[in-house]
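*Asks:* Make a model of this:
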Amino acid sequence: MTREKSIYVLTVLVLTLALLAPAFPVLAAGPTTSITVIKYGEGGAIIDQTTVSWEWMKTNLPVQGDGATHYYHQGPTFDDSTTAKLWDPGETVNIDSRDYGAAMGTDVMALCDLVGGASPGDSIKIKAADNFAKWLDYEDVYEPEPEQGKAVVTWYTADTGEGPDGYVPDYVSGMRLVFFAETTNSEGKHVFGNWDMHETLAESRWHYYYDGKFWPSSSGLSVKNVRYIEIYSDTGAASDSLVATANVTLNSLGIALDRDFIDFGNVSPGKNSPVQYVGIANTGTLDCSVTMEVQSDNQTARLFYEQSLYIEASLYDPNAVIASILTSNSKMISTQLKVPSTWNEAGQQQAIFTFWAEAMH
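*Replies:* A predicted model of the protein is given here:
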């Protein structure tokens, strides 16, 4: 089975790590102003797709939010002394730092319906311009519980305190995925908290912040600079059905990185960069093999890393397994640049490192 096919067959978690060389300020993806919605069928064939601007969404689809009500997610509690303190059902810890403002936007469901909609059993991928992505199930988008609220791609916000507000592109983290929780905490705030994530989403969809320990954090689901919504269906054909029931326990496949960027610093041809380490934790219930792929729209940058990047002291190979990690274990891998003496392109070379997890056989 090829890795490309496995994304449709396995639950594959993809994590991205932005890399810079030489040393300059980290460049983040900017605000997005349009969304491309794609529906895939069996084997990854595209059934339908469309691209719409935020102005079109505002004019032609129901607007979510009133421009006054603030919506919140929750960060890590950093207290695992009890289950209650870890998950904080009262939604009081690390809330204000995840105030996404008086947001307005468009329901992900309405966007999915532009290409024929999703069906029970489908998975929906919310992907940013830099390819960072989170997955939701059909129920999360089409039948959200009040504690979660609608999954909304927001193109306006006010009073966030994180920078310029307003419509995108002034909205610096827009378009952003925000859950518009209908319930409120004791302070009357609309919070999609960590315990709400626990109770409303499948365990494979929970997000954790990792710093040597795993801390639940619903704010990690709030993808910013959303550019794509992708629907993955088992089939696009019509069918008949019967009712069956079973109590099934699903295994899950997942990894988490301990950092989100690397700056290799200034490196000259014929010289080596310092070794930089990346921690990879197995967050699923299956033993997994990890591979890594360099991605960049810039051909020069892509060639630079293909010729210069060494992982675990071996030259980069997208098909090579860089780590085999057992359940509940983690591994540190080394990365280093060894720039060929023949390299003759100066300037910043930026790429995305995409880590793929597959079940060990």
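
*Asks:* domain assignment for the chain?
*Replies:* Following automatic domain parsing, one gets these domains for the chain: 30-232, 255-359.

*Asks:* Mind putting the ones you listed into CSV with mean neighbour count and mean pLDDT?
*Replies:* From N, CA and C alone the C-beta is placed, and that goes for glycine too. Formatted as CSV, these follow (neighbours: other C-beta atoms under 10 Å; pLDDT from 0 to 100):
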stretch, mean neighbour count, mean pLDDT
domain 30-232, 19, 93
domain 255-359, 16, 88
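
*Asks:* who's in contact with the closest residue to residue 214 other than its chain neighbours?
*Replies:* Residue nearest to residue 214 in three dimensions, not counting chain neighbours: residue 208, with 4.2 Å by C-beta to C-beta, 6 or more residues apart in numbering. Residues counted as contacts of residue 208 (C-beta atoms under 8 Å, 6 or more residues apart in numbering) are 214, 215, 216, 217, 220, 256, 283.

*Asks:* can you rerun that using 10 Å?
*Replies:* Residues near residue 208 by C-beta atoms under 10 Å, 6 or more residues apart in numbering: 76, 194, 214, 215, 216, 217, 220, 254, 256, 281, 283.

*Asks:* So the fourth one versus residue 85, what's the distance?
*Replies:* Here the criterion is C-beta to C-beta, to the nearest Å. By it, residue 215 lies 11 Å from residue 85.

*Asks:* Next: the third one.
*Replies:* Distance, residue 214 to residue 85, by C-beta to C-beta: 15 Å.

*Asks:* what about residue 346, distance to residue 271?
*Replies:* 14 Å.

*Asks:* my bad, residue 164
*Replies:* In terms of C-beta to C-beta, residue 164 sits 40 Å off from residue 271.

*Asks:* For the residue lying closest to residue 233 once chain neighbours are set aside, give me its contacts.
*Replies:* Distance criterion C-beta to C-beta, 6+ apart; nearest residue to residue 233, sequence neighbours excluded, is residue 122 at 5.0 Å. Counting by C-beta under 10 Å, 6+ apart, residue 122 makes contact with 39-40, 112, 136-139, 141-142, 231-234.

*Asks:* Just give me the closest of these to residue 69.
*Replies:* residue 141 (20.8 Å; C-beta to C-beta).

*Asks:* Is it correct that the closest one is in contact with residue 120?
*Replies:* No - using C-beta atoms under 10 Å, residue 141 makes no contact with residue 120, being 11.1 Å away.

*Asks:* Could you point out the longest strand of this structure?
*Replies:* strand 349-359 (DSSP state E).

*Asks:* Go through this structure and flag its longest helix.
*Replies:* Assignment by DSSP state H gives helix 299-308 as the longest helix of the chain.

*Asks:* Show me the contact partners of that one.
*Replies:* With C-beta under 10 Å, 6+ apart, helix 299-308 has contacts from 19, 21, 264, 267, 269, 272-273, 294-296, 298, 315-318, 336-340, 342-343, 345, 347-353.
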